[in-house]
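Asks: Mind folding the following:
(4 chains)
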Protein chains: 4
Amino acid sequence: MAGNSFGTAFRFTTWGESHGIAIGAVVDGVPPRLPLSEADIQHFLDRRKPGQTRFTTQRREPDTVRILSGVFEGLTTGTPVSLMIENQDQRSKDYGDIARKFRPGHADYTYQEKYGIRDYRGGGRSSARETACRVAAGAIARKALGDGVTIRGALVQVGPHRIDRDRWDWGQVDANPFFCPDAEAAALWETYLDEVRKSGSSAGAVIEVVASGVPAGWGDPLYDKLDSDLARAMMTINAVKGVEIGDGFGAAELSGEANADEMRRNPDGSVHFLSNHAGGILGGISTGQDIVVRFAVKPTSSILTPRLTVDLDGNETEILTKGRHDPCVGIRAVPVGEAMMACVLADHMMRHRAQCGG
Amino acid sequence: MAGNSFGTAFRFTTWGESHGIAIGAVVDGVPPRLPLSEADIQHFLDRRKPGQTRFTTQRREPDTVRILSGVFEGLTTGTPVSLMIENQDQRSKDYGDIARKFRPGHADYTYQEKYGIRDYRGGGRSSARETACRVAAGAIARKALGDGVTIRGALVQVGPHRIDRDRWDWGQVDANPFFCPDAEAAALWETYLDEVRKSGSSAGAVIEVVASGVPAGWGDPLYDKLDSDLARAMMTINAVKGVEIGDGFGAAELSGEANADEMRRNPDGSVHFLSNHAGGILGGISTGQDIVVRFAVKPTSSILTPRLTVDLDGNETEILTKGRHDPCVGIRAVPVGEAMMACVLADHMMRHRAQCGG
Amino acid sequence: MAGNSFGTAFRFTTWGESHGIAIGAVVDGVPPRLPLSEADIQHFLDRRKPGQTRFTTQRREPDTVRILSGVFEGLTTGTPVSLMIENQDQRSKDYGDIARKFRPGHADYTYQEKYGIRDYRGGGRSSARETACRVAAGAIARKALGDGVTIRGALVQVGPHRIDRDRWDWGQVDANPFFCPDAEAAALWETYLDEVRKSGSSAGAVIEVVASGVPAGWGDPLYDKLDSDLARAMMTINAVKGVEIGDGFGAAELSGEANADEMRRNPDGSVHFLSNHAGGILGGISTGQDIVVRFAVKPTSSILTPRLTVDLDGNETEILTKGRHDPCVGIRAVPVGEAMMACVLADHMMRHRAQCGG
Amino acid sequence: MAGNSFGTAFRFTTWGESHGIAIGAVVDGVPPRLPLSEADIQHFLDRRKPGQTRFTTQRREPDTVRILSGVFEGLTTGTPVSLMIENQDQRSKDYGDIARKFRPGHADYTYQEKYGIRDYRGGGRSSARETACRVAAGAIARKALGDGVTIRGALVQVGPHRIDRDRWDWGQVDANPFFCPDAEAAALWETYLDEVRKSGSSAGAVIEVVASGVPAGWGDPLYDKLDSDLARAMMTINAVKGVEIGDGFGAAELSGEANADEMRRNPDGSVHFLSNHAGGILGGISTGQDIVVRFAVKPTSSILTPRLTVDLDGNETEILTKGRHDPCVGIRAVPVGEAMMACVLADHMMRHRAQCGG
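Replies: Residues are numbered from 1 along each chain as shown, chains lettered A, B, ... in the order given. Here you go, the predicted model:
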């Protein structure tokens, strides 16, 4: 059933396959009179773009976005913004092997079982290429949120190697090929991922996204909580297997005393918290603190080591996936996670305004 | 904005406050001609009911459910099933302290900030009491799913203490007060939680829910994936801070080879997998394997140790939460997690039928 | 599939059967801090209540509403408002005839075909009794709209007899048993409907609902237009077969010149229209003029004259419907139409605020 | 708020402005493995295409549709079908007059009031040009419905001139420029509309759409009734001011006896009705008879006679709308009405399958 839309008030719908003519998104509910140009969106697409380092797929896509509607004389009009990115580098090749064999860890088998048909070229609809559309929608969501809200993401773990949080420096994130806030960890990852890449293997990763400047009051309990929408949002990203808010699974090991975020008064009468174990959300509603989300990405399923599988007829066989793949898809998931955070927040900003007029 | 409904084809809406007249749910989209009685629902409510052991709140609620509509001569009619549970044990008392002070870790502050008003009695709408409605809806979802699908939950961690998965025995789950599948862990937890309880503290927990018998093909990529809907579902449960599918965060540490669930042919021509790192979902669609979800619950925020906070006027103060509270809310989250799993699966069974006729 | 909810931002879900335990509604998305009491709602329910004159069904229902949630100390809290009306006068009787025979013009046959089961008692879910829930929801919608918006309905045609629009007097609407704004027409209808009633027949009607004070700008083109939502809203009311906005079908006979609502400037710089053929909506968005909707109600299908039909086994037979029925269901549709107008407007007020901040 | 989507299970979202780069639709929820080519869609677009006779706008648009996604090797894959139609004949001209003046009867004023900005070129988003996207979506809906369901539309009234229903001949519909089923009426309309056109005026119209072959059981009471969804669907079409099902407003004038559609048994045990006053829908659910919908279209608002209006600054002025306009927009609304009927029926076919498995 129709499942290719995300959001309620700020809502986008994506379409397109990895090796089809184009991919795109329709963003509906955009507030009117926001300045918006293709360059505004391109900036974020370029962060996600493949082929920029040896740690991402070597497919070369310019990912040039066109705005087809919803903008007039440089401003949004309140009508749907249609975005299109043409596919360029669909390397012409023999798809025979993946056409008939199910790649373990991929969606080949499940799409075939569900629909009785699949566009196997480059993974078709289930390819991570679709995430470019999310990044484009996220760029518009940031415009809707305005300058008061800042959304930043970082890679905090590659394979078993975590960053040292004491060395966290947002300034480092754009200074290495990993969106890593810890320069020492980035250096270690470089060595590690070179080995992974050369051995034809792949690695998983953990991404953290932080939103600052979100006022208290966004989120719609009980079933459209801010955290449940964020969990859903991140889990829709390809290869994501886990999501945490604030201390996440670590919270299960804390005592009630340790986990409590105590409150104090500011000189101006407003309040602040002495800690943020909750990740900026209580009862599904933002507290005014930083919103902190982490998600885990499994290792890329396309690897050069042969794996046991079956083919369309159910015959046992093996497959190894040649071609151009990210040794660690988690890297490019950073701008995607930021975009999903932006879309969830824009949606809840507007939803809050609907009910509470805020 | 309206956020108190869950699901699309199988959809429920809950209402009610902890210390109001009653709580309830309206379940819409129920398939017709399912046998349904109050006893069918009561069975599951009794598993979640408070006051049954010293490890859950001492509030004594019979949680007796009434079916007000949608059932005729013992069968569902396809019209909305309205369920109501009257509140009985709203201990008459002075709410003064929590009326004016924000309890750290609770939703007091955020409800006040969002709505400018809150029903503070027993936590009002944000109380875990609402989860009884989910359990009731889940009982109907199980009916819709039929006998082919089995959904079972278990507590796998309390505070820092995890079960030994090699000792997993579903038969143990109903033999201890913790829904624990490992008898040795249950014994240890008993000691541990007695200490926690006596010291006026609280503990977190991790719950695992497993669905067996789900056929391949359920789930609607890209934004209504089976796993993203499960993540959302679990994150809507009170105090949940993290959700994992299959290996979850552990997958980030595996190599691509180790993470691949290889496939083999069965004698009858169907296929099976040699492992289930994916937790039964690939590309957002069920594989036919067990669906495995875990979620982390933070320690109960209501504790007897005083914590720093502010009051409605912004004045600095302290609060300690007397009253009847679960020392570990994670315990009673087990039947709630099962219920949410059932509702997500019933919804996707029906959604799959809509598009693919299966 | 789940179809018992109406609205997006202001959303209600109804449940209950004509001869079940109770009927009710859950109203979600209600703005917080609105004063709301049961008396506020009862006022509107009493206008729709059966058994008040000889022109409506003689079923005697007090239609006493209870608020079960969502209100605290006299104010809405932003959480769901659950409303319940217990059924009292389900006259105990033998339902044998309608249990097995399909009443022409009723939903008996279609419910049986769709669901394979139906609660035949008093029409079950398809009974007009459900409209009490809409009236209750509408009372809350009026609170959300505030005093600036006035919604009034009137009966403008009974059978073939129309009012004289030149005699329109809103003051008359509550002075006769028909909600008729034309005292002369009301007198004529009284005679006419007495004949209809005595002959065991029934009559159709046309209702007009007018909203004043709606600002320009509400409505979400292209598929959630204000007029398309109103058309949907009115067509969900039992027995409605047609809906018009402004001049409606009459507009098809006008020339482009005659149909144009010309605009002029007010002294204060704002604008006004010289006519209102459009019924206050252009391009799906309110113009600031009165919103004018009309809808046609077919004659009550329950009549004393025998009609040809078949039974559950497909055998040919006859049926005549004894019992307590409205000779003209259109009369009691007036407060229902007002309520649906209120709900659509409250929804669009909030939706407009979400996107445009207005 | 996001309002550019229609449908639930079968769902389309449209985008684009009259004089922008392109217009398009994303159709989501399409059943998999349907044969679908651009030619299948083009066939219906060509029926709606402007510039084919002197009775429609002289704008010359080839309306060539491209399928950008969702089809693989000639079959739908169950993923979103993205359709795009490039705008070709956006005659370069000075838009000055409509840029600053509000055309009476158009959406200029309301878009400006709602959004504070509008793309005035050719009516922007509110142009009837968008209906090409609906026709394209409708072509896919017909594929989903299969050959068992036939959907046909006809023009039954132009200005004050109605057809003679006794002369109804579906074979005539494609034999005149009006989709008129009555050859004599078509001849009369030709004369009438030539006069209207030459005088710079415009005329309204009434369209009737009939669906045959719909089984009993589709429709989701109480708020997603088949008739309420059809009413909404037709009212979203530009310039529509009224919608009727079956006898519609005429039903208000019938007696209960006359309005009853009596039932009889067929030799094979199934049943039939002796009349169809209900238009194939009872209680919001299809009866198995023809579904009959009529809708009224107001006269084109763009006329050559000057009308009083105001400009953006509120100054009083006049406007006359030169350019290429349909003297009777109702004509081209016929294929649009058919398309909306197809989309509503495909949606409800799938929705019925979800809940009832039918």
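Asks: in the worst-scoring helix or strand of chain A on mean pLDDT, what counts as buried?
Replies: Lowest by mean pLDDT, DSSP states H and E among the helices and strands of chain A is helix A:96-100, with a mean of 86. Neighbour-count burial for helix A:96-100 flags A:D97, A:I98, A:R100 (criterion: 16 or more other CB atoms under 10 Å in any protein chain shown). From N, CA and C alone the C-beta is placed, and that goes for glycine too.
Asks: Relative to chain B, how far out is the last one?
Replies: So the one you mean is A:R100. 13 Å (CB to the nearest CB, to the nearest Å).
Asks: Wait, that residue touches A:D311, no?
Replies: Yes: between A:R100 and A:D311 there is a contact under CB atoms under 8 Å: 4.9 Å.
Asks: Please, where are all the strands along the stretch 151-300 of chain A?
Replies: Assigned by DSSP state E, counting those that start in this stretch, the strands in the stretch 151-300 of chain A fall at A:161-162, A:205-212, A:240-245, A:263-265, A:271-273, A:281-282, A:285-286, A:291-297.
Asks: okay if I get the ones you listed as TSV plus distance to C:A239?
Replies: Formatted as TSV, those follow (distance: least, CB to CB, whole Å):
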stretch	distance to C:A239
strand A:161-162	66
strand A:205-212	51
strand A:240-245	49
strand A:263-265	57
strand A:271-273	56
strand A:281-282	47
strand A:285-286	43
strand A:291-297	50
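Asks: quick one: low-confidence parts of the stretch 251-358 of chain A?
Replies: Residue ranges of the stretch 251-358 of chain A with pLDDT under 70: A:324, A:358.
Asks: where exactly do the helices run in it?
Replies: Secondary structure of the stretch 251-358 of chain A (DSSP state H, counting those that start in this stretch): helices at A:256-259, A:333-356.
Asks: ranking those by burial, who's on top?
Replies: Mean neighbour count (mean count of other CB atoms under 10 Å in any protein chain shown) peaks for helix A:333-356 among the helices of the stretch 251-358 of chain A, with a mean of 27.
Asks: how about that one against chain D, any contact?
Replies: Yes: residues of helix A:333-356 contacting chain D under CB under 8 Å from any CB of the partner chain: A:M350, A:A354.
Asks: what's the closest non-adjacent residue to A:L320?
Replies: Nearest residue to A:L320, sequence neighbours excluded (CB to CB, 6 or more residues apart in numbering or on different chains): A:P306, at 4.4 Å.
Asks: cool, and A:F273?
Replies: Nearest non-adjacent residue to A:F273, counting by CB to CB, 6+ apart: A:D261, 4.5 Å away.
Asks: Please apply the same query to A:A25.
Replies: A:C133 (4.0 Å).
Asks: re earlier: could you report the neighbour count for the residue nearest to A:F273?
Replies: The number of residues packed near A:D261 is 24, by other CB atoms under 10 Å in any protein chain shown.
Asks: Equivalent analysis for A:L308, please.
Replies: Counted with other CB under 10 Å, residues neighbouring A:L308 total 16.
Asks: contacting residues around the nearest residue to it once chain neighbours are set aside?
Replies: Spatial nearest neighbour of A:L308, chain neighbours left out: B:E262 (4.0 Å); criterion: CB to CB, 6+ apart. Counting by CB atoms under 8 Å, 6 or more residues apart in numbering or on different chains, B:E262 makes contact with A:P104, A:R307, A:L308, A:T309, B:F273, B:L274, B:S275.
Asks: Need the per-residue pLDDT for the closest residue to A:T79 other than its chain neighbours.
Replies: With CB to CB, 6+ apart as the measure, D:R125 is the residue that lies nearest to A:T79, at 4.2 Å, once sequence neighbours are left out. What the model reports as pLDDT for D:R125 is 97.
Asks: Dihedrals phi and psi, D:R125?
Replies: Phi and psi for D:R125, reported as degrees, to the nearest 10, are phi -70, psi -30.
Asks: What is the burial count for it?
Replies: D:R125 - counted by other CB under 10 Å - has 29 other residues nearby.
Asks: quick one: it and D:D108 touch, right?
Replies: No: D:R125 lies out of contact with D:D108 (CB under 8 Å); the separation is 11.5 Å.
Asks: Identify the residue spatially nearest to the residue of the stretch 201-350 of chain A found nearest chain B, adjacent ones excluded.
Replies: Residue of the stretch 201-350 of chain A nearest chain B, by CB to the nearest CB: A:G283 (2.4 Å). Using CB to CB, 6+ apart and skipping residues adjacent in sequence, the residue nearest A:G283 is B:A107, 2.4 Å away.
Asks: Tell me how many other residues surround the one you found.
Replies: 27.
Asks: hang on, the earlier thing: looking at the strands of the stretch 151-300 of chain A, which is nearest to B:G242?
Replies: strand A:240-245 (4.0 Å; CB to CB).
Asks: residues making contact with that closest one?
Replies: Residues outside strand A:240-245 that contact it (CB under 8 Å, 6+ apart) are A:227, A:230-231, A:234-235, A:250, A:278-279, A:281, A:292-298, A:333, B:227, B:231, B:235, B:241-249, B:251-252, B:278-279, B:296.
Asks: Strands of the stretch 1-150 of chain A, residue ranges please.
Replies: Secondary structure of the stretch 1-150 of chain A (DSSP E, counting those that start in this stretch): strands at A:5-6, A:11-16, A:22-28, A:65-67, A:71-72, A:75-76, A:81-86, A:150-158.
Asks: out of the ones you listed, nearest to C:C343?
Replies: strand A:11-16 (21.9 Å).
Asks: what sits against the residue of the stretch 101-250 of chain A found nearest chain B?
Replies: In the stretch 101-250 of chain A, the residue that lies nearest chain B is A:A107 (2.4 Å; CB to the nearest CB). Neighbouring residues of A:A107 by CB under 8 Å, 6+ apart: A:G123, A:S126, B:P221, B:L282, B:G283, B:G284, B:I285.
Asks: By neighbours, which of those residues wins?
Replies: Neighbour count (other CB under 10 Å) singles out B:L282 as the most crowded of the contacts of A:A107, with 30 neighbours.
Asks: Flag every residue of the stretch 51-200 of chain A that's near chain D.
Replies: Contacts of the stretch 51-200 of chain A with chain D, taken as CB under 8 Å from any CB, map to A:66, A:68-70, A:72, A:75, A:77-82, A:84, A:114-119, A:124-125.
Asks: hmm, which of these are the buried ones?
Replies: When these are checked for burial by 16+ other CB under 10 Å, the buried set is A:68-70, A:72, A:75, A:77-82, A:84, A:114-115, A:117-119, A:124-125.
Asks: Surely the residue of the stretch 201-350 of chain A closest to chain B touches B:H106?
Replies: Yes: if you go by CB under 8 Å, A:G283 and B:H106 touch, sitting 7.2 Å apart.
Asks: what's the overlap in contacts for these two?
Replies: With CB under 8 Å, 6+ apart, A:G283 and B:H106 have common neighbours B:S126.
Asks: Single out the residue in the stretch 201-350 of chain A that lies closest to chain C.
Replies: A:M350 (4.2 Å).
Asks: Up against chain C, what does the stretch 201-350 of chain A have?
Replies: Looking at chain C, the residues of the stretch 201-350 of chain A close enough under CB under 8 Å from any CB are A:P221, A:M350.
Asks: what does the stretch 201-350 of chain A put close to chain D?
Replies: Residues of the stretch 201-350 of chain A lying near chain D (CB under 8 Å from any CB): A:M350.
Asks: one more time with 10 Å
Replies: Proximity of the stretch 201-350 of chain A to chain D, by CB under 10 Å from any CB of the partner chain, involves residues A:D347, A:M350.
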